[in-house]
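Undergrad: Sharing a model prediction with you, sequence too.
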Amino acid sequence: MTPHIGDSYAERNARERAQALLDPGTFREVLGPFARLRSPYLAAQGVAAQSDDGVVVARGTLGGERACVLATDGRFLGGAIGEIGGAKIAASLELARRDAERGTPTRVVLAFDSGGIRLQEANLGLLAIAEICDAVVALRAHQPVVAVIAGRVGVYGGMSIVTALCNEVIVTEGARIGLNGPDVVETEAGADEFDASNRPLVWKATGGRRRFAQGHATALVADDMPDIRAAVEEAFARNRSFVAIAHPDFPDPALEREAFLRAYGVTP
Amino acid sequence: MIETLTFTYPASARVARRAHVGVVASGNCELLLEPSPEPCASVTVRTSVGGYATTWEAVLARFFARHSIAVRLEIDDFGATPAVVAMRLEQALEQAR
């Protein structure tokens, strides 16, 4: 019997994942390695920088429609987001929103594999995540935003928040989604509370199957490229009659200000 | 701190296109290789592991002795061993040819 050799998503790097998600032959990278957009903050901290800052912005088509895949490289600093990589993602999302407003929508797929904010860039990483969250919410008013979480890292920290904002989240069993990483929980609460070296426990608590059962993911698929591509197609098809509504959790700034002042007992 | 090293080797052969290989991950390195109009190979290495200039020189000199290609090469290194560097160099050349 011939063994089934899977066409794994997890085994691909970020660039190859974006390529495999887009329609064959349509992949075109924007601000790729030769743009040499390295982080200017890492060298001073003794950390080697990467020419794409760990983020791949890929244009092409998906199901024949204009598309943009934003993929993070989990191998470089755990796929953590710094100023440049974050700006590449936020700006792409903002351009997609502009496309939607002009009536020429661009499908967006977030192929994240990321530990969250890059600690070496601290506040700049926090700001980048805030901008990305803002941009996802703004884009979501026009079209569905689809996330594929199927890499070796998963998404943690701020990137798990960005993922939670997406309309569709496709996961595999090997994927993980969590706010605090296992090691952080163990450090804060003790090994009795959560043993980060216990891999079955980590996946039982934060793995793709669990997150799907909890409703944090909208599709659970095998780590096989055809299955993942089909799930992405289905995610867009499910939202074909997408009705754009402002999210009730994000009211307009005036109402938000009023609520804030009321909550803190301040009379405007 | 990051150590920056530069090397130059006389070279004449052309490569067809630029190449990007590797990743800045532990024990690995990223290479950007581009054709150069100058009659030499100019190399910039940025490494997070200091004190290995002679090892870099040995690996690069051997590669450019075998392949006299006029290129501009940048290497961002996160502790790749000489064997990994040699493999990445060959991989970049394979893509650039």
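TA: That came through fine.

Undergrad: Close to chain B: what parts of the stretch 1-150 of chain A are there?
TA: A:13, A:32-34, A:36, A:38, A:42-44, A:46-51, A:73, A:75-77 (Cβ under 8 Å from any Cβ of the partner chain). In this view, the C-beta of every residue, glycine as well, is placed from N, C-alpha and C.

Undergrad: Return, as residue ranges, the portions of chain A with sub-threshold pLDDT.
TA: Residue ranges of chain A with pLDDT under 70: A:1-5, A:242-253, A:255-256, A:259-260, A:263-264, A:266-268.

Undergrad: the helices in it, which residues?
TA: Secondary structure of chain A (DSSP state H): helices at A:14-21, A:83-101, A:122-140, A:158-164, A:182-189, A:199-206, A:208-213, A:225-238, A:253-263.

Undergrad: Including mean neighbour count and distance to A:Asp113, could those go into a markdown table?
TA: Converted to a markdown table, the helices of chain A look like this (neighbours: other Cβ atoms under 10 Å in any protein chain shown; distance: least, Cβ to Cβ, whole Å):
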| stretch | mean neighbour count | distance to A:Asp113 |
| --- | --- | --- |
| helix A:14-21 | 22 | 7 |
| helix A:83-101 | 21 | 12 |
| helix A:122-140 | 19 | 15 |
| helix A:158-164 | 22 | 9 |
| helix A:182-189 | 16 | 16 |
| helix A:199-206 | 15 | 14 |
| helix A:208-213 | 19 | 13 |
| helix A:225-238 | 18 | 13 |
| helix A:253-263 | 10 | 33 |
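
Undergrad: which one of the ones you listed lies closest to B:His20?
TA: For the helices of chain A, distance to B:His20 was read as Cβ to Cβ. The smallest value, 8.8 Å, belongs to helix A:14-21.

Undergrad: ok, for A:Ala138, nearest residue in space, not its chain neighbours?
TA: What sits nearest to A:Ala138 in space, not counting adjacent residues and going by Cβ to Cβ, 6 or more residues apart in numbering or on different chains, is A:Arg97, at 5.2 Å.

Undergrad: I'd say that neighbour and A:His142 touch.
TA: Yes: at 6.4 Å, A:Arg97 counts as touching A:His142 under the criterion of Cβ atoms under 8 Å.

Undergrad: still on that earlier bit, buried only: go through the residues of the stretch 1-150 of chain A next to chain B for me.
TA: By neighbour count, with 16 or more other Cβ atoms under 10 Å in any protein chain shown, the residues of the stretch 1-150 of chain A next to chain B hold A:13, A:32-33, A:38, A:42-43, A:47-51, A:73, A:75-77 as buried.
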